[in-house]
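In: Here is my input, please return the structure:
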Amino acid sequence: QVQLVESGGGLVQPGGSLRLSCAASGFTLGDYAIGWFRQAPGKGREGVSCISGRDGITDYGDSVKGRFTISRDNDKNTVYLQMNNLKPEDTAVYYCAQGNTRYNYWGQGTQVTVAS
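Out: Numbering: from 1, shown residues only. Okay, here's the model as predicted:
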């Protein structure tokens with residue numbers, strides 16, 4: 001069955017970097033889009049970035065453009081989110097999701113905390 005497992009979260013100081021991983025199984029990565037989302041305490045879910053299935057076209061939310069980079073390793077069936085110059089407002093639980101017209105499968109999330 002389809003499974004998505006996020007990892008790589010943690011505590012980092014402002015200005016630091018983290019790389020999140022989304023390990024996918026049960027489907028072929030190149031056939032589906034993968035999106036990264038986040039949800040901070042008391043706030044709604046926010047789209048962070050996505051990468052399309054066949055073409056690998058990427059997109060980013062305005063709040064992370066120029067700081068975050070999404071990439072995909074089809075051989076490892078893993079999607080990455082490189083996060084640089086992290087800010088306290090990036091603190092949230094980060095989720096990856098799989099889908100095409102809509103996201104149907106979600107991972108359990110990984111906590112990212114940016115604090116000094």
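In: Flag every buried residue along stretch 36-48.
Out: Across stretch 36-48, burial judged by 16 or more other CB atoms under 10 Å covers 36-38, 47-48. The way it works is simple: take the backbone N, C-alpha and C, and place the C-beta from them, glycine included.
In: Helix, strand or coil: sort out the residue nearest to the spatial centre of the chain for me.
Out: With distances taken as CA atoms, centre = their mean, Trp36 lies nearest the centre of the chain, 3.1 Å away. Recorded secondary structure, Trp36: strand (DSSP: H, G, I helix; E, B strand; the rest coil).
In: which residues touch it?
Out: Residues counted as contacts of Trp36 (CB atoms under 8 Å, 6 or more residues apart in numbering) are 20, 22, 47-50, 70, 79, 81, 94-97.
In: Quick check: the gap between it and Val48.
Out: Separation of Trp36 from Val48 (CB to CB, to the nearest Å): 4 Å.
In: cool, and Ala33?
Out: For Ala33, the distance to Val48 (CB to CB) stands at 13 Å.
In: what's the answer for Leu29, then?
Out: 18 Å.
In: end-to-end on stretch 96-110?
Out: Taking CA to CA, to the nearest Å, stretch 96-110 runs 9 Å from one end to the other.
In: which of the residues in it are buried?
Out: For stretch 96-110, burial by neighbour count (16+ other CB under 10 Å) applies to 96-99, 103, 105-107, 109-110.
In: what residue ranges in this structure are flagged as low confidence?
Out: The chain contains no residues with pLDDT under 70.
In: Just the strands from it, written as ranges.
Out: Here the chain has its strands, by DSSP state E, at 3-7, 10-12, 18-25, 33-39, 45-51, 58-60, 68-73, 78-83, 92-99, 103-106, 110-114.
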